[in-house]
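Trainee: need coordinates for the following:
(chains A and B)
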Amino acid sequence: MMKVVEGSYAVAHAAMCCSPDVVSAYPITPQTHIVEHLSQLVADGELRAEFLTVDSEFSALSVLVGVSAAGGRSYSSTTSQGLALMYEVLYNVSGMRLPIVMTVANRALSAPLNIWNDQQDSIGARDVGWIQLYSENVQEAVDTTVQAYKIAESLEIMTPVMVCMDGFILTHVYEPVELLDKEQVADFLPPYRPTDILDPQNPKTFGAFADPSTYTEFRYLQYEAHLKALSKIENVAKEYAEVFGRDFGGLLDAYQADDAEIIIVTMGSVVGTIKEAIDGLRAEGTKVGLVKIRSYRPFPAQALMKELKNADVIAVIEKDICVGNEAALLTDIKAAFYNSNLRMPIIGFAAGLGGRDITIKDIRKAVEKASAARKGIESQFEFLTLRKEIL
Amino acid sequence: MQNLLAPGHRACAGCSMPTVIRLVLDAAGTNTIVVSPTSCLEVTTTPFPESAWVVPWIHSLFENASAVASGVEVMMKRQCKDTNVLVIGGDGSTFDIGMGSNSGMFERGHKVAYICYDNEAYMNTGVQRSGSTPFCAHTTTTPAGELSLGNPRPKKDMPAIALAHGVPYVATASVAYPVDLRKKVERALQTQGPSYIQVNAPCITGWTFDAGTTIEIARLAVETGLWPLFEYVNGELTEVKKIRRIKLVDEYLKVQGRYKHLYKMPGGAEILRSIQDIADKNIAMYKLVD
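Mentor: Numbers count the residues shown, from 1 in each chain, chains lettered A, B, ... in the order given. Sure thing, here's the model as predicted:
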């Protein structure tokens, strides 16, 4: 049913359709509306789940460790400082192979305090062992939520998933969304039936410590599960498209990339603006295309190379900064290409930090710089919209 | 007695903790799920791929056992199972790093029995001071020295903190009083809502006493009045273990290495009197002597 709703409501509704046993969350802007809507859905009896209002994000995710180990499907949502506070639990959840799904309403990190959107929070948690899927718009966040459970709970994957959506830009926007049908979701997403749970009839030990003789193998198995997730993410997206009729891509998606000389790579809601910019540039004769990364972890190196191989130059635009180096996606793409025979210039831009708008004009500036880089890289990384006058 | 903590664990010879756990589990029975924070208990009982636990057991992190237990309890309730959910952890996680998580679990009213085996310092990491370390005890982070007589602060009153949350069953217990401990675990498990039991559990390496005297040391803590055994139900003091023949704290302190500096250093005698004052206050407050 197509309805004009707030992004947060749409995602809460999607989480409800996945029938979690327990929702556990702590309020933090701009995630609050998601959990408020879920609370109301529980209060109204539409979602037959337990909603735990806890003492911190740290406890929010810790509660779900207990829920998941006891065999329950669980959901949480957080952002920024909250995700940072969960950091220790994030590793624990993935290491214990608990398939928790959590929405991250992407937001900047303090200091200085800033409640607006960038993707520093989830990028900072890129190595915690969770699958990270980024959404372009509200509909994709909705659809990805359902896909996330299917991916996470597959017995060969058993890995938690963060569904990342840009804070405010997607959580607070009202746009037409196809809301999900609970029964249709139930058909697509079978009940969670883990093989190992906390059960007095069949007592097992969870969270034993591993010494140097076995720790490496635990890490290897997580690494291997992420490799398997590369095809799982693709397959689940395809299966979803067949059932629900919507396809936002699997590991990634492309726009006007086939014959593009300049290809922009990015993640999240800025995709819409970039598509708009590309339409304008194409009309003027500049062959620009876009590759949108949906799955940042696992990193789709092979799929990216396939999509980018014919470009003359690649420009990465991302909403994070790895202080002391450059930005994360840029580094990852360069690393993926280094041992291949692809040798086009790859340049990157940090943009949209702390909620600064990324405009079509900004995109055009990045494209100009990328075009110039074909003749030689002047700067391989820079801040796209730096206000030098206030430094 | 059924042995729900199997032999072969790696606890020190003379450690009181496995005895505490066995008594607690025997009272709880097999229809039980245990959540443990990072602790001596965790590292001595679960080196992968071995486990000493005969009941389902989960360890997540140091400071989140109460939150994890909340999740387990909610799932049991959801499935209409009457399984006991226990947290069993040390004083570091209980008094200090897990306080936020404990407070949340208490205040949300989960039916979780929280058992703290209290050995009064961070023993797993090598005897560092915790909020539970008693006044002027030597630890590796509050060592005695020219300018120090040991831990400068009194022990944190964790039962009072539990009571302030309205926890309906709060008790202290001791490894030296197994019948009392078992009875209190049973009562905790019958409580609708959270319960908290703090069990005195001497640590041979941290407190340094003669191997084989563990239970005697624990009994002395009670008999001197330094570890009153009490029980609060719905905020009311309902039971106190009377002491037939009260002993001076000196009998308890002089046999432990963690207090030996008080017998050698200037100012030590005054501290010993202060510790006797703590015991005397307990004796008066809980009417430990008839």
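
Trainee: in contact with the closest residue to residue B:203 other than its chain neighbours, which residues?
Mentor: Spatial nearest neighbour of residue B:203, excluding adjacent residues (Cβ to Cβ, 6 or more residues apart in numbering or on different chains): residue B:119 at 3.9 Å. Where you see a C-beta, it was placed from the backbone N, CA and C, and this is true even at glycine. Counting by Cβ atoms under 8 Å, 6 or more residues apart in numbering or on different chains, residue B:119 touches B:16-17, B:40, B:90-91, B:201-203, B:206-207.

Trainee: need the pLDDT of the closest residue in space to residue A:200 that isn't next to it in sequence.
Mentor: Counting by Cβ to Cβ, 6+ apart, residue A:200 lies nearest to residue B:31, which is 5.0 Å off, once chain neighbours are set aside. At residue B:31, the predicted lDDT confidence score is 98.

Trainee: same question, the one 3 residues further on
Mentor: Looking at residue B:34, its pLDDT is 98.

Trainee: that one contacts residue B:54, correct?
Mentor: No: the pair residue B:34 / residue B:54 is not scored as a contact, 10.2 Å apart, by Cβ atoms under 8 Å.

Trainee: what's the overlap in contacts for those two?
Mentor: The contact sets of residue B:34 and residue B:54 overlap at residue B:25 (Cβ under 8 Å, 6+ apart).

Trainee: and which of the contacts of residue B:119 is nearest to residue A:74?
Mentor: Nearest to residue A:74 among the contacts of residue B:119: residue B:90, at 27.6 Å, using Cβ to Cβ.

Trainee: so who does the residue nearest to residue A:200 touch?
Mentor: A:200, B:82-84 are the contacts of residue B:31 under Cβ under 8 Å, 6+ apart.

Trainee: can you put those in a markdown table and add neighbour count?
Mentor: Shown next, in a markdown table, are the contacts of residue B:31 (neighbours: other Cβ atoms under 10 Å in any protein chain shown):
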| residue | neighbour count |
| --- | --- |
| A:200 | 16 |
| B:82 | 9 |
| B:83 | 23 |
| B:84 | 23 |
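
Trainee: and the residues you listed, which two are furthest apart?
Mentor: So, the contacts of residue B:31 by Cβ to Cβ: farthest apart are A:200 and B:82, at 10.5 Å.

Trainee: sorry, back to before: of the contacts of residue B:31, closest to residue A:147?
Mentor: Out of the contacts of residue B:31, the member with the shortest distance to residue A:147 (by Cβ to Cβ) is residue B:83, at 33.3 Å.

Trainee: phi, psi of the closest residue to that closest one other than its chain neighbours?
Mentor: The spatially closest residue to residue B:83, leaving aside those adjacent along the chain, is residue B:76, at 4.8 Å (Cβ to Cβ, 6+ apart). Phi and psi for residue B:76, reported as degrees, to the nearest 10, are phi -60, psi -50.

Trainee: ok, residue B:75 next?
Mentor: With angles defined as degrees, to the nearest 10, residue B:75 sits at phi -70, psi -40.

Trainee: and residue A:145, by the same measure?
Mentor: Torsion angles, degrees, to the nearest 10, at residue A:145: phi -60, psi -50.

Trainee: average pLDDT across the longest helix along chain B?
Mentor: Secondary structure assigned by DSSP state H gives helix B:268-285 as the longest helix of chain B. The average pLDDT within helix B:268-285 is 98.

Trainee: hmm, back to that, redo the contacts of residue B:31 as CSV? Include distance to residue B:58.
Mentor: Formatted as CSV, these follow (distance: Cβ to Cβ, whole Å):
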residue, distance to residue B:58
A:200, 13
B:82, 19
B:83, 13
B:84, 14
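
Trainee: which one of these sits closest to residue B:164?
Mentor: Using Cβ to Cβ, residue B:84 comes nearest to residue B:164 of the contacts of residue B:31, at 24.9 Å.

Trainee: so what pLDDT did the spatially closest residue to residue A:57 that is not a sequence neighbour get?
Mentor: Residue nearest to residue A:57 in three dimensions, not counting chain neighbours: residue A:82, with 3.7 Å by Cβ to Cβ, 6+ apart. The score at residue A:82 is 98. That number is its pLDDT.

Trainee: host element of the closest residue to chain A within chain B?
Mentor: Across chain B, the shortest distance to chain A (Cβ to the nearest Cβ) belongs to residue B:71, at 2.6 Å. Assigning secondary structure by DSSP states H and E places residue B:71 in helix B:65-78.

Trainee: just checking, what packs against the very next helix or strand once past that helix?
Mentor: Per DSSP H and E, the first helix or strand lying C-terminal to helix B:65-78 is strand B:84-90. Counting contacts by 3 or more Cβ pairs under 8 Å, 6 or more residues apart in numbering or on different chains; DSSP states H and E, strand B:84-90 packs against helix B:17-28, strand B:32-36, helix B:40-45, helix B:65-78, strand B:113-118.

Trainee: now the ones you listed as CSV including mean neighbour count and distance to residue A:206?
Mentor: Listed next are the helices and strands packed on strand B:84-90 as CSV, based on neighbours: other Cβ atoms under 10 Å in any protein chain shown; distance: least, Cβ to Cβ, whole Å:
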stretch, mean neighbour count, distance to residue A:206
helix B:17-28, 23, 17
strand B:32-36, 28, 9
helix B:40-45, 23, 11
helix B:65-78, 28, 10
strand B:113-118, 28, 19
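
Trainee: looking at those, which is nearest to residue A:361?
Mentor: Comparing those by Cβ to Cβ, helix B:65-78 comes nearest, at 47.3 Å.

Trainee: let me know the average pLDDT across that closest one.
Mentor: For helix B:65-78, mean pLDDT is 98.

Trainee: for that helix, packing partners?
Mentor: strand A:22-25, strand A:50-53, helix A:57-69, strand B:32-36, strand B:57-59, strand B:84-90, helix B:99-108.
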